[in-house]
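>>> what follows is a predicted structure for the sequence shown.
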Amino acid sequence: MAKAAGHEGPRAPAREARELGAFVRPEWRVLLVAIVCAVLGPVAALALPFAAKIVVDDVVGQGRSELLLPVAVAAGLAVAVQALAAYGVAQAGALAGQRVVARLRQRLQRHALRLPIGFFDSTQTGALVSRIIYDTEQVRNLLGSGVLQLVSGALAASLAFGVLWYLNWRLTLLVAAVLLLVARILTRRFQRLHPAFLAVSELQATLAGRLTGVLGGVRLVKACAAERRETYGFARDTHRLFRAAIQASRDVSVLIAAIALATGGVSLVLLVLGGQAVAAGAMTLGDLALFVFLVGMLSTPLIQVAALGGDLGRALAALARIGEVLHLPTEDAAEPRRLPVPALAGGVVFDDVSYAYVPGRPVLRGVSFSAPPGCTIALTGPNGAGKSTLLSLLMGFDDPTAGHILVDGLPLGALRLREYRRHLGVVLQGNDLLDETIGENIRYARPGASVEEFRRAARLAHCDEFVETLPNGYQTVVGERGVKLSGGQRQRVAIARAILADPRILLLDEATNQLDSESERLIQEALAVLCGGRTTFVIAHRPATVQRADQILVLQSGAVVERGTHEDLLAQEGHYWHWWQVQPRFDRSSSSAA
């Protein structure tokens, strides 16, 4: 998973825990119920120790058997109140946890969609999904069953400490010293838990990323007979995750062992010193029984921390990974300072634009051209010449390394990107569709379009011809990335979407490369209508598309080596002329006739 520049790695667990509070915003009713239950529980819990003292000192020691029934009734009522309070705390915690995870997932998804394209180019989709779904679930587990219980336990411990101090402050100090020593051990152990569970979370994200990639490309896996290879790779990564999880669980086991040792040590102290105090008359036997109960309440928070050690470690590790995503700068971070986008005519100017994905290895080199509103610019050249990168810059996915891009005389880098992109119509080379219906895919760029506008776009893109043969028509679900449609059908749907968007600037990246000759002719007619009055950039290797352009830019190694109309470039007998000569004779004659 890519990190922001200058990121300092996982932050301290205490800081992550403080940031968790920013996400906890339950309604006041839930908060009130949680507070009331968190207070009632510890108060009711004090009844049982005092009942034990009365039974030992008065009922047994003094033979006052008439007290047994009222004491039992009072203790039973206290136990019932304590159970109801525990139920209320658990329910309030579950509700708060669900609300937190819902808000956190929404915030993560919203933030992820606003990250620059470069982040997604260097990040596995499955790893990001793991952060949004799995990591947030770890936070919910802690909140739903842990935080409020810890708060309630801490309150009970405070009440118990006050009573213990009143009964025997010297013995209380000794017990507190032992518990503080254990707390110190727990703190040091948690410092090891955090990176251990962080490593587990990272490996889980890697495993999810690998599995998502393999299942998404299962056709390639099967076509290459790579099932065994992928199975081995998945098994290897699973084993690495297993080893990391075992190491983390070993640290949790140390926590539990430390608590057991502390409980035994405190019991030994009470056995020796408490027995001496009773023998010396400094304490009654009932006082000792009360003391034992209250010491149990005092140590409850430590026992809860040990029991929740795994959940707490996983939650803090998940919160650290979530924080990495939320602290990445979004592409619209400077949006308030950018210029609003007026109604565009569509004029585009590239002024000595260069770009490099990797510093020192430019993909575009000093590209300059002017595209007046309404003209068509064709980009051609060999693979890797920088054609798609040029369109990526024009869509605002990346900023030029050098030079400037102007749209209607305004710097593209100074415009509000979301407003600007509403003026774009895009048909990308992959033409990936959403796993929705054909109709929803066409409406995606403009969901509020009328039925008449929708039908016109579908008709112009010649979608009707194949949609009418489908059982559910436009309600047919296309599958992940449109896998249930042919390549040509996917392109027609993408073109219909661009037509419906009614853009001022149209970007076509190999928009007709998977169509047969007849379909391409029909689409070319539709595009000719669509391009009228719109600035159009076309990446194509088909003569029919290139020949009609107002200006053709021939790119080679990231630089524009030739420019002009079709006739001008043929007359020069340069790169474009050679490219034209190797085109199939049928394609050349068809484009000339058109």
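Happy to help now that I have it.

>>> going by C-alpha atoms from here, please, whenever you check contacts or count neighbours.
OK.

>>> all helices of the stretch 301-450 of the chain, in order?
309-326, 387-394, 417-421, 438-442 (DSSP state H, counting those that start in this stretch).

>>> rebuild the ones you listed as TSV, extending it with mean neighbour count.
As requested, those are arranged in TSV below (neighbours: other Cα atoms under 10 Å):
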stretch	mean neighbour count
helix 309-326	24
helix 387-394	20
helix 417-421	17
helix 438-442	23
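
>>> of the ones you listed, which approaches residue 469 most closely?
helix 438-442 (13.0 Å; Cα to Cα).

>>> how far off centre is the closest one?
26 Å (Cα atoms, centre = their mean, to the nearest Å).

>>> by contact count, what packs against it?
helix 487-501 (3 or more Cα pairs under 8 Å, 6 or more residues apart in numbering; DSSP states H and E).

>>> ok so, going back, least reliable of the helices of the stretch 301-450 of the chain going by mean pLDDT?
The stretch with the lowest mean pLDDT among those is helix 309-326, at a mean of 78.

>>> ok so, going back, dump the helices of the stretch 301-450 of the chain to JSON lines, plus distance to residue 291.
Listed next are those as JSON lines, based on distance: least, Cα to Cα, whole Å:
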{"stretch": "helix 309-326", "distance to residue 291": "27"}
{"stretch": "helix 387-394", "distance to residue 291": "73"}
{"stretch": "helix 417-421", "distance to residue 291": "66"}
{"stretch": "helix 438-442", "distance to residue 291": "69"}
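
>>> tell me which of these sits nearest to residue 381.
For the helices of the stretch 301-450 of the chain, the distance to residue 381 is smallest for helix 387-394, at 7.7 Å, taking Cα to Cα.

>>> can I get the closest one in CSV, CA atoms only?
The C-alpha trace of helix 387-394 is given here as CSV (Å, rounded to 0.1, in the frame of the first residue of the first chain):
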residue,chain,number,x,y,z
LYS,A,387,-0.9,9.3,-26.5
SER,A,388,-2.9,7.9,-23.5
THR,A,389,-0.8,10.0,-21.1
LEU,A,390,-1.7,13.1,-23.0
LEU,A,391,-5.4,12.3,-22.5
SER,A,392,-4.8,11.5,-18.8
LEU,A,393,-3.3,15.0,-18.4
LEU,A,394,-6.2,16.6,-20.2
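
>>> which strands or helices does it pack on?
Partner elements for helix 387-394 (3+ Cα pairs under 8 Å, 6+ apart): strand 535-539.

>>> parallel or antiparallel, which strands does the strand it packs on pair with?
strand 376-380 (parallel), strand 505-509 (parallel) (DSSP bridges).

>>> hmm, residue 285 is touching residue 278, no?
Yes: look at residue 285 against residue 278 with Cα atoms under 8 Å: they come within range, at 6.2 Å.

>>> from residue 318, how far out is residue 207?
Between residue 207 and residue 318 the distance is 16 Å, computed by Cα to Cα, to the nearest Å.

>>> go on, residue 422?
36 Å.

>>> check residue 91 too.
Separation of residue 91 from residue 318 (Cα to Cα) stands at 23 Å.

>>> now swap in residue 173 and tell me
Using Cα to Cα, residue 173 is found at 38 Å from residue 318.

>>> for residue 85, same thing?
30 Å.

>>> helix or strand for residue 154, which one?
helix 148-167 (DSSP states H and E).

>>> for that helix, packing partners?
Looks like helix 148-167 contacts helix 28-45, helix 68-113, helix 169-216, helix 285-298, helix 300-307 (3+ Cα pairs under 8 Å, 6+ apart).

>>> any idea of the mean pLDDT for the first one?
Read it as helix 28-45. Helix 28-45 comes out at a mean pLDDT of 72.

>>> which neighbouring elements make contact with that helix?
If you count contacts as 3+ Cα pairs under 8 Å, 6+ apart, helix 28-45 packs onto helix 68-113, helix 148-167.

>>> got the phi and psi for residue 554?
Backbone torsions of residue 554, given as degrees, to the nearest 10, read phi -100, psi 120.

>>> who does it bridge with?
Assessed by DSSP bridges, residue 554 has beta-bridge partners residue 380, residue 562.
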